[in-house]
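# predicted model and sequence follow; I will ask about them next.
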Amino acid sequence: MPGHWTPCNDAELTAGWRLWLELGSCTWPGPDWDGTPAEAVRGLERLFETCNEILDAYRDSGGPDDAGIIGLVRSMFLAANWTLELWRDDTAPLDADRASLLHSDLASFADHATAVRTLLATGGGWSSLPA
């Protein structure tokens, strides 16, 4: 994901920081994962909720709708929606083939999230922080 993001005000910087933090922990299933695809994508559902909260808080602070952070947050929905829709109701145990597919879907989202985190860290001035 080539590009550059520079926050236009404190509200956008805050929204970027919140998104950067959230993207650091949402992609992979946690240690309590029950082995089902539905549980594996729960983090993406939580990310959607947090992205909506970030957008609401940013807009409530008077941030303009054409700010770069709006596009970055929306890109999370685009990048994760297919994976979430495909797996969210799948509670069947995984076999090797389905596990490989699920892993691939989550890895594709993780690649996008990493690129967005890099943009946020560079533009927000916190690129020296550990990923």
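Now that the structure is in, tell me what you want to look at.
# so in this structure, which helix runs the longest?
helix 96-124 (DSSP state H).
# could I get the average pLDDT for that one?
Across helix 96-124, pLDDT averages out at 93.
# show me what counts as buried in that helix.
Residues of helix 96-124 classed as buried: 102, 105-106, 109-110, 112-113, 115-121, 123-124 (neighbour count, 16 or more other Cβ atoms under 10 Å). In this view, the C-beta of every residue, glycine as well, is placed from N, C-alpha and C.
# name the helices or strands packed onto it?
Helix 96-124 is packed against helix 10-23, helix 37-40, helix 68-87, with contacts defined by 3 or more Cβ pairs under 8 Å, 6 or more residues apart in numbering; DSSP states H and E.
# tell me the helix or strand right after the shortest one.
Using DSSP states H and E, the helix or strand that directly follows helix 37-40 along the chain is helix 42-60.
# list the contacts of that next one.
With contact meaning Cβ atoms under 8 Å, 6 or more residues apart in numbering, helix 42-60 is reached by 11-12, 14-15, 18-19, 22-23, 25-30, 65, 67, 69-70, 73, 76-77, 80, 83-84, 88, 109.
# just the CA atoms of it, as CSV, please.
The C-alpha trace of helix 42-60 is given here as CSV (Å, rounded to 0.1, in the frame of the first residue of the first chain):
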residue,chain,number,x,y,z
ARG,A,42,-14.0,-12.6,16.0
GLY,A,43,-11.1,-10.2,16.1
LEU,A,44,-12.2,-8.8,12.8
GLU,A,45,-15.7,-8.2,14.2
ARG,A,46,-14.1,-6.4,17.2
LEU,A,47,-12.0,-4.4,14.7
PHE,A,48,-15.2,-3.3,12.8
GLU,A,49,-16.7,-2.1,16.1
THR,A,50,-13.6,-0.2,17.0
CYS,A,51,-13.3,1.3,13.5
ASN,A,52,-16.9,2.6,13.9
GLU,A,53,-16.0,4.1,17.3
ILE,A,54,-12.9,5.7,15.8
LEU,A,55,-14.9,7.2,12.9
ASP,A,56,-17.7,8.4,15.3
ALA,A,57,-15.2,10.0,17.7
TYR,A,58,-13.3,11.7,14.9
ARG,A,59,-16.5,13.1,13.3
ASP,A,60,-17.8,14.2,16.7
